[in-house]
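[1] what's the 3D shape of this:
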Amino acid sequence: MNNDERLMTNDTATEIHPTAMIHPGAELADGVKIGPYSTVGEDVIIGRNTEIGAHVVIEGHTRIGERNRIYPFSSIGTPPQDIGYQNEDTRLIMGDNNIVREYVTVNRATTKEGWETVIGNNTYLMAYAHVAHDCHLSDWVILTNGATLGGHTHIGEYAILGAFLAVQQFVRIGAHAYLGAKSGIDRDVPPFMITAGPRAKLYGINQKGMIRRGFSQETINVLKKAYRIIWRENRNFRDGIAQVKKELQLIPELEMLLDFLGDSKRGVLR
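    The predicted structure follows:
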């Protein structure tokens with residue numbers, strides 16, 4: 001494929017700027033647009049109507065879905081920053097309708113956890129955010145400016161991570177959690193919670209976020225009661241969880257919270 005070609009397929013065009021460097025082995029679907037001085041490697045697959053801005057680097061075994069928008073100077077699918085990595089054919093998988101702003105870095109995986117770094121659908125990675133190797137981001141996740149994920153971080157749907165925070169390796173962030181800016185996150189953040197502070201602590205239920213997502217006040221009240229019992233009234237998680245199961249209606253959102261706590265390996269923020 002010549003870099004200055006305009007490829008016509010059905011009613012859509014693949015547009016490649018003359019200065020872009022596209023490896024002949026790359027697969028570009030209909031409607032892909034690639035801006036000036038961007039490079040796309042041999043094993044890259046890009047889905048329909050995805051737009052790549054200027055000076056973007058996409059390499060490795062990277063699969064990008066449809067209708068994504070990747071802004072200038074981003075680096076996508078570059079090798080993991082892990083001294084044990086030996087150039088294995090690990091992968092980066094990105095879904096549909098994602099926005100990747102300027103200077104974002106997303107690394108492909110190591111061989112330590114399924115060989116894949118995964119970005120879901122409808123995520124928003126703001127400028128200078130970093131997604132390390134083997135991270136898994138669910139749908140509708142937002143990383144604000146400068147948010148940094150250590151390797152093997154798993155993030156649930158609709159979680160929002162504030163600017164310039166840093167998440168330690170192997171930490172899990174629960175669905176619908178809100179993490180305040182400039183925090184260090186060294187343990188798991190349960191779903192539906194708010195965290196804040198330089199050394200992050202829990203500050204209750206993410207009530208505003210849950211209301212925006214359409215949760216009922218009854219559901220929010222059950223979670224608030226569970227928070228009070230587990231984190232305010234008991235020194236021991238097991239005692240708090242047992243009390244919650246005994247006293248509160250076990251609605252799906254509460255089950256999600258309790259399952260998350262039970263599965264924690266790094267421990268949970270207090």
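[2] OK, contacts around residue 243?
    When the contact criterion is C-beta atoms under 8 Å, 6 or more residues apart in numbering, the partners of residue 243 are 229, 233-234. (Glycine included, C-beta is placed from N, CA and C.)
[3] mind putting the residues you listed in JSON lines, pLDDT included?
    Converted to JSON lines, the contacts of residue 243 look like this (pLDDT from 0 to 100):
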{"residue": "229", "pLDDT": "96"}
{"residue": "233", "pLDDT": "90"}
{"residue": "234", "pLDDT": "76"}
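[4] Those, buried ones only, as a ChimeraX selection?
    Per 16 or more other C-beta atoms under 10 Å, the buried members of the contacts of residue 243 correspond to this ChimeraX selection:
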select :229,234
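[5] Can you check the pLDDT for residue 13?
    Predicted confidence (pLDDT) for residue 13: 87.
[6] Just want the phi and psi numbers for it.
    phi -120, psi 140 (degrees, to the nearest 10).
[7] Hmm, it is touching residue 31, no?
    Yes. In this structure residue 13 lies within contact range of residue 31 using C-beta atoms under 8 Å: 7.0 Å.
[8] of those two, who's got more company?
    Neighbours were counted for residue 13 and for residue 31 using other C-beta atoms under 10 Å; residue 31 has more, 21 against 14.
[9] what's the helix or strand for the more buried one?
    Under the criterion DSSP states H and E, no helix or strand holds residue 31.
[10] Tell me the spacing between it and residue 19.
    Residue 31 sits 20 Å away from residue 19, going by C-beta to C-beta, to the nearest Å.
[11] same question, residue 151
    According to C-beta to C-beta, residue 151 stands 34 Å off from residue 19.
[12] can you check residue 25 too?
    20 Å.
[13] So which of the two has more stuff around it?
    Using other C-beta under 10 Å, the more surrounded residue of residue 25 and residue 19 is residue 19, with 14 against 11.
[14] Over to that one. Which of the three states is it?
    coil (DSSP: H, G, I helix; E, B strand; the rest coil).
[15] And it, what's its pLDDT?
    98.
[16] How is the protein partitioned into domains?
    Per automatic domain parsing, the structural domains of the chain span 6-155, 211-263.
[17] Same list (those) but as TSV, adding distance to residue 179.
    TSV is the format used below for the domains of the chain (distance: least, C-beta to C-beta, whole Å):
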stretch	distance to residue 179
domain 6-155	8
domain 211-263	15
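[18] most neighbours per residue, which of those domains?
    A comparison of the domains of the chain by mean neighbour count, using mean count of other C-beta atoms under 10 Å, puts domain 6-155 on top with a mean of 20.
[19] and residue 211, what element?
    helix 207-212.
[20] Just the CA trace of that helix, in PDB.
    Extracted in PDB, the C-alpha atoms of helix 207-212 (Å, rounded to 0.1, in the frame of the first residue of the first chain):
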ATOM      1  CA  GLN A 207     -23.700   8.900  45.600                       C
ATOM      2  CA  LYS A 208     -23.600  11.600  42.900                       C
ATOM      3  CA  GLY A 209     -22.100   9.200  40.400                       C
ATOM      4  CA  MET A 210     -24.600   6.500  41.200                       C
ATOM      5  CA  ILE A 211     -27.500   9.000  40.800                       C
ATOM      6  CA  ARG A 212     -26.100  10.000  37.400                       C
END
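[21] Residues contacting that helix, please?
    Taking C-beta under 8 Å, 6+ apart as the rule, helix 207-212 contacts 158, 160, 176, 178, 192, 219-220, 223-224.
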